[in-house]
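> quick one, what's the 3D model for this:
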Amino acid sequence: MTTQKQVSIIVAALLPSFGIGYKNQLPWRLRNEMKYFKNVTTKNISPNHKNAVIMGRKTWESIPSKFRPLPDRYNVILTKQDVSQFEQLENVRYANAIDEVLQDLLQDEKIGKIFIIGGCEIYNRSLFSKLVDNLLITEIVHKKDGEVIEMDTFLDKDYILNNFTKASANDLKKFVGEDIEFADSKVVEGDFEYEFTLYKRN
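Presented below is the predicted three-dimensional model:
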C-alpha cells in the first residue's frame with residue numbers, strides 16, 4: 001500500500017514565467033483557488049487516513065496564527081533550526097531534512113496523500129527529488145492589457161517541462177476527486193484567468 005502513495009507539489013504559478021511570488025507575497029488573492037487548495041489537500045483517501053502538508057518555516061509563519069496548523073491535515077514544517085526549540089503541537093512536526101520526512105510519511109500507514117505547499121526553496125529543492133510524483137499547478141494568466149505583474153520568485157520551468165508531462169483534465173479529476181469543484185474548468189476572478197492542472201513525472 002505504501003508503494004502506491006503519491007507525493008505532489010501543489011502551487012499557483014503565473015504563465016508563461018511560472019512566477020509564484022513577489023517580495024515574499026502572493027501577487028493575487030484568488031478565492032476559488034484557495035478553496036481548491038483546501039479541498040484537494042484535505043480530501044482523504046479514506047476516513048482512516050490524514051493527508052500531510054509539507055512547508056518551509058517562512059510559509060508556516062505567513063499563515064495567520066488562528067489558522068495554524070492547517071486543520072484536518074498533518075503539518076510538517078521544515079527548518080534549519082534546532083527542532084527541539086519549537087512548541088510541540090498536535091498534528092505538527094518540525095524537521096530539518098525533506099528527504100527524511102518524505103521517507104517517514106511514505107511508510108506511515110495513517111498518512112494518505114502528501115503535498116508540498118511551499119515556499120520556493122522547498123518547491124525547487126523537492127522538484128529534483130525522485131520522491132515527487134506529481135505537480136498540481138494552478139496555471140494563471142493575467143488578462144489586463146498594459147499591466148505587468150511583477151514577480152521575483154519562480155519555479156524551475158525548464159526542469160518541469162523536461163521532466164514532467166501535463167496530464168488530461170480527466171486524469172486531474174480522478175486524482176483530486178470527482179467531487180472537487182472547478183477541477184475541470186477555467187476560472188475567472190478579477191483580472192486573472194486560471195485553470196487547475198496535473199503534471200506527472202516522466
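
> need the contact list for the nearest residue to residue 97 once chain neighbours are set aside.
Leaving out its chain neighbours, the residue that sits closest to residue 97 by CB to CB, 6 or more residues apart in numbering is residue 78, at 7.9 Å. Backbone N, C-alpha and C define where each C-beta goes, glycine included. Residue 78 makes contact with 54-57, 94-98, 101, 122 under the criterion CB atoms under 8 Å, 6 or more residues apart in numbering.

> which of those are buried? Put it as a PyMOL command.
In PyMOL syntax, the buried subset of the contacts of residue 78 is picked out as below (16 or more other CB atoms under 10 Å):
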select buried, resi 54+55+56+57+94+98+101+122
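
> can you put the contacts of residue 78 in a markdown table and add distance to residue 162 and pLDDT?
Compiled in a markdown table, these are given as follows (distance: CB to CB, whole Å; pLDDT from 0 to 100):
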| residue | distance to residue 162 | pLDDT |
| --- | --- | --- |
| 54 | 24 | 98 |
| 55 | 26 | 98 |
| 56 | 25 | 96 |
| 57 | 30 | 94 |
| 94 | 33 | 97 |
| 95 | 29 | 95 |
| 96 | 29 | 95 |
| 97 | 26 | 92 |
| 98 | 22 | 92 |
| 101 | 26 | 94 |
| 122 | 20 | 94 |
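
> out of the contacts of residue 78, which are inside strands?
In strands, defined here by DSSP state E, the members of those are 54-56, 94-95.

> TSV for the residues you listed, including distance to residue 197?
Rendered in TSV, the data for the ones in strands among the contacts of residue 78 read as follows (distance: CB to CB, whole Å):
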residue	distance to residue 197
54	20
55	21
56	23
94	31
95	29
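
> show me which of these is closest to residue 140.
residue 55 (20.2 Å; CB to CB).

> so the closest one touches residue 77, yeah?
Yes - taking contacts as CB atoms under 8 Å, residue 55 lies within contact range of residue 77: 6.1 Å.

> returning to that earlier point: reformat the contacts of residue 78 as JSON lines; add distance to residue 199.
Putting these into JSON lines (distance: CB to CB, whole Å) gives the following:
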{"residue": "54", "distance to residue 199": "18"}
{"residue": "55", "distance to residue 199": "20"}
{"residue": "56", "distance to residue 199": "21"}
{"residue": "57", "distance to residue 199": "27"}
{"residue": "94", "distance to residue 199": "29"}
{"residue": "95", "distance to residue 199": "26"}
{"residue": "96", "distance to residue 199": "28"}
{"residue": "97", "distance to residue 199": "25"}
{"residue": "98", "distance to residue 199": "19"}
{"residue": "101", "distance to residue 199": "22"}
{"residue": "122", "distance to residue 199": "17"}
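
> neighbours of the nearest residue to residue 68 once chain neighbours are set aside, how many?
Beyond its immediate neighbours in the sequence, the residue positioned closest to residue 68 (CB to CB, 6+ apart) is residue 60, lying 6.9 Å away. Using other CB atoms under 10 Å as the criterion, residue 60 is surrounded by 23 other residues.
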